[in-house]
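> Could you look at this predicted model? Sequence included:
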Amino acid sequence: MAYRGHFSRGFMTEEEKANQPKVTGALLKRVFSYLKPYSGKLVLVLLCIAAASFCSLLPSILTGKIIDEGLTQRNLSALVKYIVLSLAVTLGANLIGVVESYINTWIAQHITYDMRNQMYGHLQKMSQRFSTTSRQGDVITRMTSDIDGVQQVITNTFTSILSNVITLIIAMVAMFRKNWVLALIGMVIVPLFTIPTRRAGRTRWKFANESQACNDEINGILNETLSVSCQLLSKLFGREQYEYRRYEEANSRMIRLNIREGMAGRWFRVILSTFTSIGPMLIYLVGGILMIRYNQDLTIGDITVLVALLGRMYMPVNSLLNIQVDWMRAMALFSRIFDYFDIPVEIDNAPDAVIPDRVEGNVVFDHVCFGYEKDRPVLKDVSFELKAGHSIAIVGPSGSGKSTIINLIPRLYDVDEGCVTFDGIDVRKLDLGFLRAQVGVVSQETYLFNGTIRDNLLYAKADASEAEMEAALKKANIWDFVQNQPEGLDAMVGNRGLKLSGGEKQRLSIARVLLKDPTIFIFDEATSALDSISEQRIQEAIDPIIRSHTSILIAHRLSTILAADEILVVKDGRIVERGTHQALVNQGGVYSELYETQFSKALQPKEDGVSALEEYIWGQQPGDEPA
Ligand code: ATP
């Protein structure tokens, strides 16, 4: 049986031994619950395996008849009859094998299909906490190779146990029926057969392990060095030769290991074939002595049948010797998958979740405390009210908890203490789909899919018309850019939107949120510097939204701050000051300090001696239309 991937080695690694799962009744019950919907088909597989095993052994038994009744007695019709019969059962066994492997593959594919869907659905329900703490590679491994492993367990491990046991039983019964003495002698050799198998397995595994580590290293190098950012870095620092040498060195190590692994396999086959030839020779020898010396009632055909049946036993014995390892490995695989299924869904719809009839968009934070980790509070007693139609700017030093505040509104996380309400209802009591539909977030890190501009827009509203998309793009100040693309809306944005500039990406993501048409807009303004024209274009897009919609902005630009109705100053997870720009500047506290340090650039005098900022502040009051 050709084992691949998870099931290619004859014994467990130290790590696997340490992590051996407890094979409990509950675990087995859970594993078999996946097989249960296909029980009818499984019975069919079992019957096919039994029939195929029987049919595949029949030619060995018929060999005796060919020799004794056909050849020895010079009976041509008997000879032809048994040859035809032998060929027919071989064909029959193969045909049954085809049916069996079709049903088996069908079952395995459907079970992995069920598991993949279940896993994907479960992962989608996982909280932001899970996404930020779990390693992406682990999640992908669970989804791909672990679930693929399940398929192998079903198509290989389970069926191999069945077919090997059935083959062994039939072969043993047939041998003992023929001649119990010779059957016993033939079987004496079988345990010896396990020694080279295990030894060679260990050597091959050692090399396979090393080559796997080497392969991981090569993948790591490829992943790292062929990424867009690293390609750029290596070109700019002239490190291409260095990277090439690093890759070439790992690659040549890999080749050496593969050759050694292949050769270990070759020696294994030499030893194995020597051992496998001892058994038949013993049967010939003892059978011959019994025939010649003791004149026993034994024919040449009988001896040939015994030798043939013995040969058919080696493979199943070898497989069954290793099956315990495969079995444990399969159980480990299932428990790893089940561990993921058992991660509780942290943020879920309440059983009595409501969808209000009327939506206004009032948000209240009522004495909210929150921490990402236990005993490490990030927000401490945060209270504020965002009235429908108003806007709030949140400012504060980096790491003070600004993004955390907005994360709590669409329930990316749930509060530890206090509550967040939307139109007077605790967000935890609202239907999650409804709540998230009310909130549109333009986050610091703009995420665009590798598709067209249209694809990215339709993500917000699948049935948006061309006119709606155009309107949103115009409002987001990016329509000119789209029009200038030869493919227009069908221009590709590249991997994560890399074909667009930072400013274009942000404006496109503003258009996407505009298409969503939420009740509340949340802008987490990017801290990364954009050129002043880009900033201005974004500002021109954001300003009217802030003025006409309920909005919260994490603001790093003074102009955005000034567009808001109220400013909250957050420091170390607390709201330390609140009010209008002027009142806060006059207060001379944290805000005025931030104002002095962060916005000093905007205070540089222009040629006429009046700074842009002063012009803005004194030229208009918050709430006015922009100049
Ligand atoms: P910035 O202006 O730099 O974006 P911020 O004021 O928005 O900062 P937050 O992102 O809210 O700050 O982070 C507040 C604190 O919470 C920081 O100490 C940060 O390290 C921590 N933090 C943020 N996200 C997580 C997370 N997913 N898991 C654990 N800690 C986190």
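All right, it came through fine. Here the structure is a predicted model, which means the values were calculated and not measured.
> Relative to residue 451, how far out is the spatially most central residue of the chain?
The centroid of the chain falls nearest to residue 140 when counting by CA atoms, centre = their mean (1.8 Å). Per CB to CB, to the nearest Å, residue 140 is found 21 Å from residue 451. Backbone N, C-alpha and C define where each C-beta goes, glycine included.
> helix or strand for the residue nearest to the centre of the chain, which one?
For residue 140, the host element (DSSP states H and E) is helix 136-141.
> near the ligand, which residues of the stretch 51-200 of the chain show up?
residue 132 (CB under 6 Å from any ligand atom).
> show me where pLDDT drops low in the stretch 51-200 of the chain?
Filtered on pLDDT under 70, the stretch 51-200 of the chain yields the residue ranges 135-137, 193-198, 200.
> which residues in it form helices?
In the stretch 51-200 of the chain, the helices defined using DSSP state H, counting those that start in this stretch lie at 76-124, 128-133, 136-141, 147-152, 159-178, 180-225.
> quick one, which of those is packed in tightest?
Compared across the helices of the stretch 51-200 of the chain, helix 147-152 shows the largest average neighbour count, a mean of 21 (mean count of other CB atoms under 10 Å).
> of the helices of the stretch 51-200 of the chain, which approaches residue 520 most closely?
Between residue 520 and the helices of the stretch 51-200 of the chain, the tightest spacing by CB to CB is seen for helix 128-133, at 18.3 Å.
> what does the closest one rub up against?
Here helix 128-133 makes contact (CB atoms under 8 Å, 6 or more residues apart in numbering) with 343, 346, 372, 407, 412-413.
> measure residue 382 to residue 432 for me?
Here the criterion is CB to CB. By it, residue 382 lies 22 Å from residue 432.
> Around residue 248, count how many other residues there are.
Neighbours of residue 248 under the rule other CB atoms under 10 Å: 10.
> repeat for the one 3 residues further on
Neighbour count for residue 251, taken as other CB under 10 Å: 13.
> Secondary structure element holding it?
In the assignment (DSSP H and E), residue 251 maps to helix 240-292.
> and the angle from that helix to helix 180-225?
Orientation check (axes from the mean of the first three to the mean of the last three CA atoms, to 10 degrees): helix 240-292 against helix 180-225 gives 180 degrees.
> Relative to the whole chain's centre, how far out is helix 240-292?
35 Å (CA atoms, centre = their mean, to the nearest Å).
> Can you list the helices and strands that that helix packs against?
Secondary-structure packing of helix 240-292 (3 or more CB pairs under 8 Å, 6 or more residues apart in numbering; DSSP states H and E): helix 180-225, helix 228-236, helix 300-341.
> after the last one comes which helix or strand?
Per DSSP H and E, helix 300-341 leads on to strand 363-370 as the next helix or strand towards the C-terminus.
> any chance you could map the strands in the stretch 351-500 of the chain?
All strands of the stretch 351-500 of the chain, identified by DSSP state E, counting those that start in this stretch, fall at 363-370, 379-386, 391-395, 417-422, 425-426, 439-442.
> And for the stretch 501-627 of the chain?
Going by DSSP E, counting those that start in this stretch, the stretch 501-627 of the chain shows strands at 520-524, 550-554, 566-571, 574-579.
> Mind pulling up the pLDDT for the residue of the stretch 151-300 of the chain found nearest the ligand?
Taking CB to the nearest ligand atom as the measure, the stretch 151-300 of the chain has residue 229 as its residue closest to the ligand, at 21.0 Å. For residue 229, the pLDDT comes out at 73.
> Same check on the one 10 residues further on?
With respect to pLDDT, residue 239 has a value of 84.
> Quick check on it: phi, psi?
Main-chain dihedrals, residue 239, degrees, to the nearest 10: phi -100, psi 20.
> what about stretch 556-570, start to end distance?
In stretch 556-570, first residue to last residue: 13 Å (CA to CA, to the nearest Å).
> What number of residues are in the vicinity of the residue of the stretch 151-300 of the chain closest to the ligand?
Neighbour tally, residue 229, other CB under 10 Å: 9.
> what sits against residue 282?
By CB under 8 Å, 6+ apart, the neighbours of residue 282 are 185-186, 188-189.
> got a winner among the contacts of helix 128-133 for most neighbours?
Counting by other CB under 10 Å, top hit in the contacts of helix 128-133: residue 407 with 21 neighbours.
> which residue sits closest to that one, ignoring its sequence neighbours?
residue 413 (5.4 Å; CB to CB, 6 or more residues apart in numbering).
> hang on, the earlier thing: export the strands of the stretch 351-500 of the chain to CSV and tack on mean neighbour count?
Compiled in CSV, the strands of the stretch 351-500 of the chain are given as follows (neighbours: other CB atoms under 10 Å):
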stretch, mean neighbour count
strand 363-370, 19
strand 379-386, 18
strand 391-395, 26
strand 417-422, 18
strand 425-426, 14
strand 439-442, 24
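> Let's have those strands in JSON lines, adding distance to residue 234.
As requested, the strands of the stretch 351-500 of the chain are exported to JSON lines (distance: least, CB to CB, whole Å):
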{"stretch": "strand 363-370", "distance to residue 234": "42"}
{"stretch": "strand 379-386", "distance to residue 234": "42"}
{"stretch": "strand 391-395", "distance to residue 234": "39"}
{"stretch": "strand 417-422", "distance to residue 234": "46"}
{"stretch": "strand 425-426", "distance to residue 234": "52"}
{"stretch": "strand 439-442", "distance to residue 234": "33"}
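> Looking at the ones you listed, spot the one closest to residue 123.
strand 439-442 (20.9 Å).
> what does the closest one contact?
With CB under 8 Å, 6+ apart as the criterion, strand 439-442 contacts 406, 409-410, 506, 509-510, 513-514, 516-524.
> Mind checking which of the residues you listed are buried?
Buried by 16 or more other CB atoms under 10 Å: 406, 409-410, 506, 509-510, 513-514, 516, 518-524, out of those.
> which bits of the stretch 351-500 of the chain sit near the ligand?
372, 378, 396, 398-404.
> Spatially, which two of those residues are the most separated?
The widest separation within those (CB to CB) is 17.3 Å, between 372 and 396.
> From residue 445, how far off is residue 400?
Distance, residue 400 to residue 445, by CB to CB: 18 Å.
> related to what we said a few turns ago, for the residue nearest to the centre of the chain, give me its contacts.
Contacts of residue 140 were listed using CB under 8 Å, 6+ apart, and none were found.
> Make sure residue 555 is actually in contact with residue 569.
No: in this structure, residue 555 is not within contact of residue 569 by CB atoms under 8 Å, at 11.0 Å.
> residues in contact with the closest residue to residue 327 other than its chain neighbours?
Nearest residue to residue 327 in three dimensions, chain neighbours excluded: residue 157, at 6.6 Å (CB to CB, 6+ apart). Listed by CB under 8 Å, 6+ apart, the contact partners of residue 157 are 7, 323, 326-327, 330.
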